[in-house]
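Engineer: generate coordinates for the sequence data below:
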Amino acid sequence: MLNFGIIGVGRMGKRHASNLCHGRLGGVRLKAACDIDDDALEWCKRHLKGATLYSDYRQMADSEKLDGVIIATPHYAHAPIAQYFIQRGVNVLIEKPIAPTVTLAKQVAAEAARHPEVKVGVSYNQRSNRMYKKAKALITSGKLGEIQRADFIITDWYRSQAYYDQGGWRASYTGEGGGCLMNQCIHQLDILQWLIGMPNSITASLRTVDRNISVENDVSAILNYGDFDCTFSASTHELSGVNRLEIACDRGRIVITPLKMKVIKHKSQREVNRVTKHGYGFSPSRSYTVGYGACRLIADIIYGQQLRSVRAFRDAINGKGEMLARADEGERAMQIINGIYLSAYKGRTVTLPIDEDEYSEYLETMKAAEQSAKPHMQ
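Structural biologist: Okay, the predicted model is just below:
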């Protein structure tokens with residue numbers, strides 16, 4: 001039986017803690033929970049029977065013999081807490097993002113590299129989605145040929161002003177490191193780089209639409225891959241939004257929406273172009289679909305997709321599988337996110353990897369502007 005601890009018992013931490021406390025993950029029990037907020041600890045007393053509670057993660061580390069910890073604190077605390085437990089030989093699963101900046105993400109990955117016996121992962125639970133897994137296998141196999149275009153639009157995360165008025169550390173540069181890019185988009189940008197790789201450069205713009213907040217809720221970006229571009233757009237202010245990833249290749253196309261993936265196959269467009277002597281050119285196509293799965297969807301509603309990430313973490317500790325994403329993979333989505341922020345702020349194309357010092361200056365500027373505007377914000 002593995003003994004796990006939870007650090008940070010907010011919305012996501014409660015989900016993890018409840019799953020562990022109620023035995024929804026075989027071979028794991030919740031031994032301890034930690035939070036600095038009195039209300040969170042009061043919730044733990046009522047709902048996490050048998051778990052020892054702490055207000056200091058260092059005290060928890062000294063008092064408990066833990067096989068793993070799940071870190072679900074505000075973003076800026078991820079890196080120092082993760083490094084602390086890695087140094088003590090405790091396996092670590094970090095809720096997304098691994099850290100709000102590339103610099104901090106690299107520090108976690110470097111600490112993990114110094115302790116290869118410790119499992120250190122990031123909770124990118126979307127990688128367990130069967131449609132994305134099949135898309136990755138198809139792209140990697142080369143059966144669809146080279147990628148020629150990609151488009152990802154995700155605008156189905158509507159957040160009202162009332163959502164932001166709840167306060168807390170979210171939707172701020174000071175507490176979260178950004179807006180919808182850092183909170184909602186990170187899963188999609190991880191999936192994007194997981195499927196098609198890292199871009200060479202980014203040209204982006206950000207807006208705040210109809211909300212009294214200091215961070216963005218509307219994103220437009222062009223990710224350049226040398227031979228093709230990927231357009232990425234996202235928002236949290238659009239009603240009746242969509243979620244659609246399309247990857248067009250030389251010999252076919254993949255279209256993924258929340259519950260269905262459609263795969264279209266045809267002859268190489270380059271070959272069709274070469275042999276066409278008259279007219280527009282044509283190739284018959286065939287297609288098939290892959291569904292998300294009704295049982296999986298029901299399980300997501302009841303237990304959350306995060307349970308699959310913790311399950312993979314457990315299996316990795318037991319030597320029976322791999323984590324969904326290692327610590328060194330956590331930096332990649334942050335390169336894209338930090339690059340989008342920097343491009344929008346500077347008003348120019350930014351190459352990857354980003355200039356970390358330049359990004360640090362940008363972030364401090366945005367934090368200072370946010371603090372000076374606080375008295376005027378609701």
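Engineer: can you give me the strands for the stretch 151-300 of the chain?
Structural biologist: Using DSSP state E, counting those that start in this stretch, the strands found in the stretch 151-300 of the chain span residues 201-207, 218-224, 229-235, 243-249, 252-257, 260-265, 286-291.
Engineer: any chance of these in TSV, plus mean pLDDT and mean neighbour count?
Structural biologist: C-betas here are computed from N, CA, C, even on glycine. Below are the strands of the stretch 151-300 of the chain laid out as TSV (pLDDT from 0 to 100; neighbours: other CB atoms under 10 Å):
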stretch	mean pLDDT	mean neighbour count
strand 201-207	98	19
strand 218-224	98	21
strand 229-235	98	20
strand 243-249	98	19
strand 252-257	98	20
strand 260-265	98	17
strand 286-291	96	12
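Engineer: export these as JSON lines, with columns for distance to residue 341.
Structural biologist: Formatted as JSON lines, the entries for the strands of the stretch 151-300 of the chain read as follows, by distance: least, CB to CB, whole Å:
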{"stretch": "strand 201-207", "distance to residue 341": "7"}
{"stretch": "strand 218-224", "distance to residue 341": "10"}
{"stretch": "strand 229-235", "distance to residue 341": "13"}
{"stretch": "strand 243-249", "distance to residue 341": "22"}
{"stretch": "strand 252-257", "distance to residue 341": "26"}
{"stretch": "strand 260-265", "distance to residue 341": "30"}
{"stretch": "strand 286-291", "distance to residue 341": "34"}
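Engineer: which of these sits closest to residue 90?
Structural biologist: Proximity of these to residue 90 was assessed by CB to CB; the nearest stretch is strand 229-235, lying at 34.9 Å.
Engineer: ranges for the helices of the protein?
Structural biologist: Shown for the chain, the helices assigned by DSSP state H span residues 11-21, 38-47, 57-63, 78-87, 102-114, 130-141, 161-165, 180-183, 186-196, 269-275, 294-303, 306-317, 330-346, 356-373.
Engineer: let's have those helices in TSV, adding distance to residue 206 and mean pLDDT.
Structural biologist: Converted to TSV, those look like this (distance: least, CB to CB, whole Å; pLDDT from 0 to 100):
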stretch	distance to residue 206	mean pLDDT
helix 11-21	25	94
helix 38-47	32	96
helix 57-63	34	97
helix 78-87	23	98
helix 102-114	18	98
helix 130-141	26	97
helix 161-165	16	92
helix 180-183	8	94
helix 186-196	14	97
helix 269-275	34	92
helix 294-303	30	89
helix 306-317	28	96
helix 330-346	4	97
helix 356-373	11	93
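Engineer: one step back: and the strands of the stretch 151-300 of the chain: which comes nearest residue 346?
Structural biologist: Among the strands of the stretch 151-300 of the chain, strand 201-207 comes nearest to residue 346, with 9.8 Å by CB to CB.
Engineer: what pairs with that closest one, parallel or antiparallel?
Structural biologist: Strand 201-207 has its sheet partners listed here by DSSP bridges as strand 218-224 (antiparallel), strand 350-351 (antiparallel).
Engineer: would you format those strands as TSV with distance to residue 365 included?
Structural biologist: Below are the strands paired with strand 201-207 laid out as TSV (distance: least, CB to CB, whole Å):
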stretch	distance to residue 365
strand 218-224	19
strand 350-351	16
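Engineer: how much space between residue 322 and residue 24?
Structural biologist: Distance of residue 322 to residue 24, computed by CB to CB, to the nearest Å: 21 Å.
Engineer: now swap in residue 318 and tell me
Structural biologist: For residue 318, the distance to residue 24 - CB to CB - is 17 Å.
Engineer: which of these two has more neighbours?
Structural biologist: Neighbour tally, residue 318 and residue 24, criterion other CB atoms under 10 Å: the higher count belongs to residue 24, 16 against 13.
Engineer: let's see the pLDDT reported for that one.
Structural biologist: Note on residue 24: pLDDT of 92.
Engineer: what do you get for the one 10 residues further on?
Structural biologist: Each residue has a pLDDT score; the one for residue 34 is 98.
Engineer: test my guess that it contacts residue 56.
Structural biologist: Yes - contact criterion CB atoms under 8 Å: residue 34 and residue 56 qualify, at 7.1 Å.
Engineer: more neighbours: the two, which one.
Structural biologist: Neighbours were counted for residue 34 and for residue 56 using other CB under 10 Å; residue 34 has more, 29 against 11.
Engineer: bridge partners for that one, pull those for me.
Structural biologist: residue 7, residue 54.
Engineer: what sits against it?
Structural biologist: Residue 34 sits next to 5, 6, 7, 8, 9, 53, 54, 55, 56, 57, 60 when contact means CB atoms under 8 Å, 6 or more residues apart in numbering.
Engineer: same deal with residue 309?
Structural biologist: 93, 121, 123, 124, 125, 128, 324.
Engineer: one more: residue 172?
Structural biologist: By CB under 8 Å, 6+ apart, the neighbours of residue 172 are 213, 214, 215, 370.
Engineer: how does this protein divide into domains?
Structural biologist: Using automatic domain parsing, the domain ranges for the chain come out as 2-124, 127-300+332-376.
Engineer: so how far is the last one off the chain centroid?
Structural biologist: Which is domain 127-300+332-376. Its chain's C-alpha centre and that of domain 127-300+332-376 lie 11 Å apart, by CA atoms, centre = their mean, to the nearest Å.
Engineer: so how far is residue 16 from the closest residue to residue 64 other than its chain neighbours?
Structural biologist: Of all residues beyond its chain neighbours, the one nearest residue 64 is residue 32 (4.9 Å), with distances taken as CB to CB, 6 or more residues apart in numbering. Look at residue 32 and residue 16: by CB to CB, they are 13 Å apart.
Engineer: so for the two, which sits in the more crowded spot?
Structural biologist: More crowded of residue 32 and residue 16, by other CB under 10 Å: residue 16, with 27 against 23.
Engineer: ok, and the closest non-adjacent residue to that one?
Structural biologist: Nearest residue to residue 16, sequence neighbours excluded (CB to CB, 6+ apart): residue 70, at 5.2 Å.
Engineer: run a quick neighbour tally on the one you found.
Structural biologist: Here the count is done by other CB under 10 Å, and residue 70 has 26 residues near it.
Engineer: right, I'll leave it there.
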